[in-house]
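K.L.:
Here's my sequence, what's the structure:
(chains A and B)
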Amino acid sequence: MTSLPSTAATDSQPVAAVAGVTVRYGPTTALDDVSLGFPSGVTGLLGPNGAGKSTLLSLLSTARRPRSGTVTLLGESASGRARVQRLRQRIGVLPQSFGFYPRFTALEFTEYAAWLRKVPAAQRRERAYEALRLVQMEKHADRRMGALSGGMLRRVGIAQAMVNEPSLVLLDEPTVGLDPAQRVGFRSLIKELGDRCAVVMSTHLAEDVAHVCDRVAVLLEGTARFTGTVAELCALPEGGTASEGADPDEATGTEVDGGAVEAGYLHLAGMETVAT
Amino acid sequence: MRVLLTEMRRGEAKWAAALMGAVGVHHFTSEAPGDSDWIGWWNQTSLHVQLFAVIVMGSVMSAAAAWGAGRPFRHRTHVWADAAARNGWSQALLLWLAAWLWALIAYAVFIAVAFSRTSAVSDVSAPAWAPLLLGAAMMGLEIAVGVAIGSALPSRVVAPFAGLLWYSLFVFVGFVPDTPLAKLFPAIDEFWSSEFEPNSTRMLIAVVWCLALALVLTTLPALRRRAALAPRPLALGALTVVALVAGSTLVAFRTPVPDSYWAVRKEQPAHPLCAASGRTKVCLWPEDRHLLASARAAVQTVDSSLGSLAGLNRGFYASGLKRPAGDTAELSLMSPAVSRAELTDGMFTAALPQPASSKCPPQLLDETGGYPDTFLFEAVVRARVGAPGEYYGDKFGRALDRVTSAPRAKQDAWIEQAAKAIRACRPVPELPR
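P.N.:
All right, here's what the predicted structure looks like:
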């Protein structure tokens, strides 16, 4: 398997970073000595099911503490009750299985999320409207959550993650369960979020990475196998070591397709693409 | 504030409170004043509202709170709620407060209904607030237990379990009232006539205990869910200390038997309400002034019926009122809306002499078929005043006839001597022939 040197270290100020983190669930090691940095823009966490993506996101959300290693968020170490509380006010989270209260309206639910994130009381309603407007759900603000479609629910999920105007947003498999049309719309929404704040998005879909992400980190069996730009990942099957010489900004603007990303990913996983 | 209103509007507790509100209003309006032991007495009214609220509504609201607290599991919101900046205690407090406020709204309706019924009977306005405050705090504790249980166990079964837990506790305390549980989890099921008033000090300590423990219990979900931010140790420690001090103080209090743990006897009134007619007199507590008209009529009836009979009590004092020595007796009022006929009957009963010592054994009389001689004495007096008592069989009837068919002077003499004998714990004299 090919492992490329991390380019995160070259970024002057990663918004979030983990260094040497290890997480175990009983005898199973979910993350093994992982060091990654997440700069501004959209960073994809690519890997198969069970690779440790959700565990890494839970570390970044401060919901979980690593057995060893450190987590740095927004320039501060994510430890200590007061500091974690302060950091959580600047982080938005959309978990993979997004739970919601069906009897709440979209506005009430987003406002509740604002309360959870300690948005000042005087600003909560305005921020909730603003977040719903951001995801184009303002027309459905008074509809009950239980009456919304899957795509709408995901949008409200993004709205609740954005309601505190976070500096870091963590999205866990945000496009799972969406139909193709919804997925396309959702990808452009995530891209827009990347202009406002740092976004870390876990996915096992190469298409998502190709269309949304500026950078990508590949997790396999609890270890970080790659980190770099999407273009660098695409260059791997040709034996390129683009990460060392490529201009990331230039690479970001390059149109890549999901097939190329998938080929790079499979190359890292030690598998060949199947010609059809 | 708006989040709290949303939680109240969308949470499940409102349905439980609405149901309890309907049941409670029916309960407090269905009883007739004449059959009631609380309509007309402010202390009893507060106790009655408190008892219903704690045992019935508190148990149901505890179940509703447990159901509401399990919502993050049922809807999988705990995944992101635990990663929120708002600590887990605040989240549990929101659920607790929403359910408690609904319970308090229903409670306020009960109080309004019950007070309106009592004010329609009583001529004074003296609401007793301490038992009501205790009831509110106790419901807060019950709901907090529901929140703690519902947050700890992600099963739907915990909701009815929480309600049954409380109901079972109250049933247990009802059967075994001497345990400290009765002091720590009060649902006061006692009868306080006008001679008692609430022991406000103990009740306020119990209020502090209930609320402090409730707040401590609402921290348990946050302490259990490791991802959620824990409460500030200082706040949690302070509340725990307050709960421990208040709880141990309640347990440490002792009350001489048979006095109530939660009540104290009132000071003697400066001017008890008295009505007199001839040799007969009745005195009531000022709180029972609504009974004065009935008492005046009853005392006239009793005086004219007893006439010049000697040996009987002729001064009647409501329970708790200081009474002079001599032929006076305690008049027990078991209902605040007692009628004139019931008052008259109560005075006839109180007119009967009692042994000086409570250890006096019953003197059984062969002529009555083995019944105590006091039974015959009462039957004779009641026959004289035209208020027949119980039927104890033919043999008893023949013994009664022996006395009542005797000449009036002989009857009077027998009654006077029998009264003296009963007071002295001796058998009554031989029946007249």
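
K.L.:
Find the residue closest to the residue in the stretch 1-150 of chain A that chain B sits nearest to in space, skipping its chain neighbours.
P.N.:
For the stretch 1-150 of chain A and chain B, the shortest gap (Cβ to the nearest Cβ) falls at residue A:99, measuring 3.2 Å. For glycine as for every other residue, the C-beta is placed from the backbone atoms N, C-alpha and C. Of all residues not flanking residue A:99 in the chain, residue B:76 sits nearest, at 3.2 Å (Cβ to Cβ, 6 or more residues apart in numbering or on different chains).

K.L.:
okay, now the one you found: neighbour count?
P.N.:
16 (other Cβ atoms under 10 Å in any protein chain shown).

K.L.:
For it, give me its contacts.
P.N.:
If a contact means Cβ atoms under 8 Å, 6 or more residues apart in numbering or on different chains, then residue B:76 has A:97-99 as its contacts.

K.L.:
Identify those among the residues you listed that sit within strands.
P.N.:
Of the contacts of residue B:76, none are assigned to strands by DSSP state E.

K.L.:
Could you dump those into a markdown table and include pLDDT and neighbour count?
P.N.:
Formatted as a markdown table, those follow (pLDDT from 0 to 100; neighbours: other Cβ atoms under 10 Å in any protein chain shown):
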| residue | pLDDT | neighbour count |
| --- | --- | --- |
| A:97 | 84 | 12 |
| A:98 | 86 | 24 |
| A:99 | 88 | 17 |
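
K.L.:
Put together TSV for the residues you listed, with distance to residue B:426 on each row.
P.N.:
As requested, the contacts of residue B:76 are exported to TSV (distance: Cβ to Cβ, whole Å):
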residue	distance to residue B:426
A:97	87
A:98	88
A:99	83
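
K.L.:
ok, so of those residues, who is nearest residue B:1?
P.N.:
Of all the contacts of residue B:76, residue A:99 has the smallest distance to residue B:1: 24.6 Å, by Cβ to Cβ.

K.L.:
any idea how far residue A:173 is from that closest one?
P.N.:
According to Cβ to Cβ, to the nearest Å, residue A:99 and residue A:173 sit 14 Å apart.

K.L.:
May I see the buried residues of stretch A:178-194?
P.N.:
A:178, A:182-183, A:186-187, A:189-191, A:193-194 (16 or more other Cβ atoms under 10 Å in any protein chain shown).

K.L.:
where does the residue most central in space within chain B fall, helix, sheet strand or coil?
P.N.:
Closest residue to the average C-alpha location of chain B: residue B:190 at 3.1 Å, with Cα atoms, centre = their mean. What DSSP: H, G, I helix; E, B strand; the rest coil gives for residue B:190 is coil.

K.L.:
And the one 4 residues further on, by the same measure?
P.N.:
At residue B:194 the chain is in coil, as set by three-state DSSP.

K.L.:
Count residues in the vicinity of it, would you?
P.N.:
24.

K.L.:
Now for the residue lying closest to it once chain neighbours are set aside: which residues touch it?
P.N.:
Nearest in space to residue B:194, with sequence neighbours left out and distances taken as Cβ to Cβ, 6+ apart, is residue B:285 at 3.7 Å. By Cβ under 8 Å, 6+ apart, residue B:285 lies in contact with B:194-195, B:266, B:269, B:272-273, B:318, B:320-321.

K.L.:
and of the residues you listed, the nearest to residue B:83?
P.N.:
After measuring the contacts of residue B:285 against residue B:83 - Cβ to Cβ - the closest member comes out as residue B:266, at 57.7 Å.

K.L.:
Spatially, what comes nearest to that closest one if we skip its sequence neighbours?
P.N.:
With Cβ to Cβ, 6+ apart as the criterion, residue B:266 has its nearest non-adjacent residue at 5.1 Å, and that residue is residue B:197.

K.L.:
Check the contact between that neighbour and residue B:128; I expect there is one.
P.N.:
Yes - proximity of residue B:197 to residue B:128 meets the contact threshold set by Cβ atoms under 8 Å, at 7.1 Å.

K.L.:
In a strand, residue A:29, correct?
P.N.:
Yes - counting by three-state DSSP, residue A:29 is found in a strand.

K.L.:
Which pLDDT value belongs to it?
P.N.:
Residue A:29 is assigned a pLDDT of 89 by the prediction.

K.L.:
cool, and the one 3 residues further on?
P.N.:
Taken from the predicted model, the pLDDT recorded for residue A:32 is 91.

K.L.:
Tell me the secondary structure at it.
P.N.:
strand.

K.L.:
burial measure for it, as a count.
P.N.:
15.

K.L.:
Contacts only, for it.
P.N.:
A:22, A:221-223.

K.L.:
Generate a PyMOL selection restricted to the buried subset of those residues.
P.N.:
Buried subset of the contacts of residue A:32, written as a PyMOL selection, criterion 16+ other Cβ under 10 Å:
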select buried, chain A and resi 221+222+223
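
K.L.:
Report the two of the contacts of residue A:32 separated the most.
P.N.:
Between any two of the contacts of residue A:32, the greatest separation by Cβ to Cβ is 13.2 Å, found for A:22 and A:221.

K.L.:
separation between the most centrally placed residue in chain A and residue A:46?
P.N.:
Centroid check for chain A by Cα atoms, centre = their mean gives residue A:201 as the closest residue, at 1.9 Å. The spacing between residue A:201 and residue A:46, counted by Cβ to Cβ, is 10 Å.

K.L.:
dump the residue contacts of residue A:20.
P.N.:
So residue A:20 contacts A:33-35, A:68-70 (Cβ under 8 Å, 6+ apart).

K.L.:
So which of these wins on neighbours?
P.N.:
Neighbour-wise, the contacts of residue A:20 (other Cβ under 10 Å) top out at residue A:34, 23 neighbours.

K.L.:
Please list the members of the contacts of residue B:285 that lie in strands.
P.N.:
Those of the contacts of residue B:285 lying in strands (DSSP E): B:273, B:318.

K.L.:
Can you add pLDDT and give the contacts of residue B:285 back as TSV?
P.N.:
Below are the contacts of residue B:285 laid out as TSV (pLDDT from 0 to 100):
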residue	pLDDT
B:194	86
B:195	89
B:266	91
B:269	92
B:272	90
B:273	93
B:318	94
B:320	90
B:321	93
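
K.L.:
what sits against the residue nearest to the centre of chain B?
P.N.:
Taking Cβ under 8 Å, 6+ apart, one finds B:47, B:260, B:262-263 in contact with residue B:190.

K.L.:
what about the helices in chain A?
P.N.:
Taking DSSP state H as the test, the helices found in chain A are A:53-60, A:81-88, A:106-116, A:121-134, A:150-162, A:180-196, A:206-212, A:230-235, A:242-245, A:248-252, A:258-269.

K.L.:
I should have written the stretch 151-300 of chain B there, sorry.
P.N.:
Listed in chain order, the helices of the stretch 151-300 of chain B (DSSP state H, counting those that start in this stretch) span residues B:158-175, B:181-184, B:200-217, B:220-224, B:233-252, B:292-306.
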